[in-house]
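1. Give me a 3D structure for the following:
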Amino acid sequence: MTLDRKHQCSRTMGKLHILMLLVMKTATTQGYGQKQSQTQPEKVKNFEDLYSEGKEAYLDNNFKDCVTTIEAAIKDFKFYTDTVSKCKLKCSRKSEMFPSVLKHSPEIVPFEKLIHETLCVMKCKQKTLSKTRVENIEEKTRTDFETKKPYDFLQLCYYQTGDHQNAANAAFTNLVYNSDHEAMRENLKFYMALPEVDENIVKNLESPDYVEQYLVGTDHYRGEDWEKLIETMEEALKEYLLAEELCRVNCDKPFDMGWYPDFKSSVANHFTFCLKCKMNCAQNLNNFNGEYMDDLLPSFYHYLQFAYYKVGKVEAAAQCTGTYLYLNPDQEDMKGNAVYYKEVEGVNEKWFLPREEAVAYVERDQDEQALLDFIENNYIFDEKEEDSEPERSLENNSSENAVDLDADEFVAKISTNTHQRKSNAMKVLDMNHWDFPEEKDFFTETATKKLVPDIISSKQCQELLDIAQLVAHSGDGYINTPMDRGLDNPHTGSELLKGITIGKLALFVYYGLVDWRYLETLLENAEIMRTETQERLSPDETIYSTYTHLVCRIAKPGPKVRSQTEMSHAFHADNCQLKKNECDPSPPAYSYRDYSALLYLNREFSGGNLVFADSKLEITDTVFPQCGKMVVFTSGPESIHGVKPIITGERCTLAMWYSLDKTFEEPEIGLARKLIDFIKADETPPEVIKESLEDLTMFDEKQAKAIAVANGIKKPGHF
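-> So this is what the prediction gives:
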């Protein structure tokens, strides 16, 4: 080596030493996870210091200081994580813009980007964080803050200082993120019962901005303020996507492998740890004050498509519809909305292309899921394998002799676990808003409920459907009738409900608007239902029909927005009103009802399943409607039930309720039979039958004729 060459090497090595010293010096005060330099002035207290002081104050019964220091610790944790997250996000977005010093070694380009990005983050933090701040935080402390443990101490200290409202807030906040914390649940109940606590303003002190914006947007939806709904929901969507980006960059955090692998194994292992963390961000962000919304991202576009449509911006509505279907292609309501928009004059097919942010979101998750699948399927090795790399599957990796290459315990290794976690996009793509499993009943027969198949034929089903098509009309059985008892309407506003009762059908016959044989068909099938119900639920005692209703439900045409929990017919019991801790049998409840029966007439629709639930309104049984299938059950709180939304098509049912008390027997049945007897005898039915039926049904000839015109009934003759 020449002298000049030696001098050149010496200068280069000197520069490298200077660089390393600068990095080390910076790292002692600003580097992630490094100790503070001994030459620095007194350090500022970080959230770990404050948290420790707060816990000590709590143990010393110094509750005022406990509140002050733990509040300060929470504030500092938020400041620190927000600062670091934004620095990481800013530098991550700039990673492609850093000037490269490489000319001949493309294989180290990724590492150059990493070096640039790390330097960028260090400089960014240096501008905001105190130079005396210690960032070497115990892992347990980080975990405590991430799981909202400080609020556990804070709620007790608030209570001891007499701040009961904030005690409830802190308890609720902890419970939102720790739903299985039974002691905290009991604490919250205690606080809520205190006279100083207003349960209407108890809040999650950690509620993200996008949650608050989203909830305000839903208020605008209910208030039909479409312009404000658009503004608020678009902002909430931006906040949500930003929150997920910040969550993902926060996954770049320390990882204790518990061993000392070589460089490449270490990088691959740590990367996989971070990748799994990132893929959990959507699930963590979908926590709405303790309730998880699996379909949160698509729901933004659901509200937006409807609002844009309402203000006449069809192109924007179409794009949001296309975006929703890109995220969730099987959602039937949105498919219907797309069809509706496409029929609008001037609509272009290109309008339905998904928005850019949704495409980027899905493509990123698909790539990450593919990589994780590869890791999970390939990082289990059999000692019999040599250099070959055959295709592996989870099922083929269950050998008892399976060992890890070089004995490295790779973080992504899985054994025979078949419950693989799915990425954010896969969760979105797999979810079905209305739950359509295979059409197999999930039903357990008990002493209080039975499932009876094929009690009538397909021909009989069609005859009843013909009656419904002929005379059923909107609101029948629930609005301005004897059954309208002032209760809140239990049916969704997203569907049309139409029906016909025995009494009203008898009047259609009396007015000469329909043939009497329709009435006879309805009576015959109703009696089949009564005898079948009695045989299964009350074999030793006669039951009497109290109300018979042939009813159909159909989803309203056009765009719609339905919440995840919305039902076609809300959960209820048939003889009492469900309240917080009881089922109240007092009026206007139909407390005389003892048994209920539902006979299904068709299957040419999607959705509309009958579901039973326990006292917590968690579904226990599901029945898929089908012609001739009947469900019978007791009418009390032991048989809470409801109907899932109708997505497409029309669902028709013959519903009946029964009592053991003959006093409550449906008088219309006897009058209808007398009417048929007179007609069969070729005699004119007496006026008193008509008058009695009109009084019982609150229905008259003028109303019947209006329905006849609307339904296209051809008059067969008047009595």
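2. contacts, neighbours, all on C-alpha from now
-> Noted.
3. Leaving aside the residues adjacent along the chain, what's closest to E239?
-> Distances taken as CA to CA, 6 or more residues apart in numbering put Y210 closest to E239, at 5.1 Å, once the chain neighbours are dropped.
4. counting residues per helix, which one in this structure is longest?
-> As assigned by DSSP state H, the longest helix anywhere in the chain is helix 63-93.
5. Can you report how many residues lie near E668?
-> The number of residues packed near E668 is 23, by other CA atoms under 10 Å.
6. check contacts around the spatially closest residue to it that is not a sequence neighbour.
-> Leaving out its chain neighbours, the residue that sits closest to E668 by CA to CA, 6+ apart is G503, at 5.0 Å. For G503, the contact set (CA atoms under 8 Å, 6 or more residues apart in numbering) comprises 668-669, 672, 693, 696-697.
7. Quick check: of those, which lies closest to E463?
-> E463 has its nearest neighbour among those in A672, at 18.1 Å by CA to CA.
8. Assess the claim that K662 and Y544 are in contact.
-> Yes: in this structure, K662 is within contact of Y544 by CA atoms under 8 Å, at 6.0 Å.
9. hmm, back to that, now, among the contacts of G503, which is nearest to S568?
-> For the contacts of G503, the nearest to S568 is T697 (25.0 Å; CA to CA).
10. Tell me the spacing between the closest one and T546.
-> 13 Å (CA to CA, to the nearest Å).
11. likewise H270?
-> 69 Å.
12. So the two - more neighbours on which side?
-> T546 (25 against 20).
13. list the contacts for V611?
-> Contacts of V611 by CA under 8 Å, 6+ apart are 619-623, 641-644.
14. Same question for E650.
-> E650 makes contact with 552-555, 604-605, according to CA under 8 Å, 6+ apart.
15. Mind doing that once more with 6 Å?
-> 553-554, 605 (CA atoms under 6 Å, 6 or more residues apart in numbering).
16. so which one among those has the lowest pLDDT?
-> Within the set of the contacts of E650, pLDDT is lowest for F605 (82).
17. Let me know the secondary structure of the closest residue to that residue other than its chain neighbours.
-> Distance criterion CA to CA, 6+ apart; nearest residue to F605, sequence neighbours excluded, is G649 at 4.2 Å. Using DSSP: H, G, I helix; E, B strand; the rest coil, the structure places G649 in strand.
18. that older thread, can you give me the pLDDT of the residue nearest to E239?
-> Y210 is given a pLDDT of 90.
19. Helix or strand: which one has it?
-> helix 209-222 (DSSP states H and E).
20. looking at the chain, which helix or strand is least sure?
-> helix 424-430 (a mean of 31; mean pLDDT, DSSP states H and E).
21. Now the element after it, going C-ward?
-> With DSSP H and E, the next secondary element past helix 424-430 is strand 449-452.
22. starting at the chain centroid, how far to the helix or strand hosting P110?
-> Assigned by DSSP H and E, P110 belongs to helix 109-128. Helix 109-128 has its C-alpha centroid displaced from the chain centroid by 39 Å (CA atoms, centre = their mean, to the nearest Å).
23. Which SSE is immediately downstream of it?
-> For helix 109-128, the following helix or strand on the C-terminal side (DSSP H and E) is helix 139-146.
24. For that following helix, buried residues please.
-> Using 16 or more other CA atoms under 10 Å as the test for burial, helix 139-146 gives 141, 145.
25. what's whichever helix or strand comes after that helix packed up against?
-> Heading C-terminal from helix 139-146, the first helix or strand you meet, by DSSP H and E, is helix 150-160. Counting contacts by 3 or more CA pairs under 6 Å, 6 or more residues apart in numbering; DSSP states H and E, helix 150-160 is packed against helix 164-177.
26. now the angle from the helix it packs on to helix 139-146?
-> Interaxial angle, helix 164-177 versus helix 139-146 (axes from the mean of the first three to the mean of the last three CA atoms, to 10 degrees): 110 degrees.
27. Tell me the helix or strand right after helix 164-177.
-> Taking DSSP H and E, what comes next after helix 164-177 is helix 182-192.
28. so what does that next one touch, helix or strand wise?
-> Packed next to helix 182-192, using 3+ CA pairs under 6 Å, 6+ apart, are helix 164-177.
29. T620: which element?
-> T620 belongs to strand 619-623, assigned by DSSP H and E.
30. Report all helices and strands that that strand contacts.
-> The contact analysis (3+ CA pairs under 6 Å, 6+ apart) places strand 619-623 against strand 610-613.
31. State the next helix or strand along the chain beyond the strand holding T620.
-> That would be, after strand 619-623 and using DSSP H and E, strand 630-634.
32. the more surrounded of K662 and Y544?
-> Taking other CA under 10 Å, K662 and Y544 do not tie; Y544 has more neighbours (22 against 13).
33. what sits against the more buried one?
-> Residues near Y544 by CA under 6 Å, 6+ apart: 658-659, 662, 665.
34. pLDDT score assigned to the residue nearest to E668?
-> 95.
35. and what of the one 10 residues further on?
-> The predicted structure scores L513 at 91 on the pLDDT scale.
36. same question, H7
-> 41.
37. try N396
-> 35.
38. do the same with L114
-> 89.
39. packing partners for the longest helix of the chain?
-> helix 47-59, helix 109-128.
40. quick one, which of those helices is packed in tightest?
-> Neighbour counts (mean count of other CA atoms under 10 Å) averaged over each of the helices and strands packed on helix 63-93 peak at helix 47-59, with a mean of 20.
41. Give me the three-state assignment for I554.
-> strand.
42. For it, which non-adjacent residue is closest in space?
-> Closest residue in space to I554, ignoring its immediate chain neighbours: E650 at 4.5 Å, by CA to CA, 6+ apart.
43. Let me know the distance separating the one you found from E495.
-> For E650 relative to E495 (CA to CA), the value is 10 Å.
44. ditto for N609
-> Counting by CA to CA, the gap from N609 to E495 is 15 Å.
45. So between those two, which is more surrounded?
-> Using other CA under 10 Å as the criterion, N609 and E495 rank with N609 on top: 22 against 18.
46. For the more buried one, what are phi and psi?
-> N609 adopts backbone torsions of phi -70, psi 140, taken as degrees, to the nearest 10.
47. From E463, how far off is G628?
-> 12 Å.
48. Oh, that last question was meant for V347, not what I typed.
-> 42 Å.
49. that older thread, tell me, how many residues neighbour the residue nearest to E239?
-> 21.
50. my read: it touches A236, true?
-> Yes: judged on CA atoms under 6 Å, Y210 makes contact with A236 at a distance of 4.6 Å.
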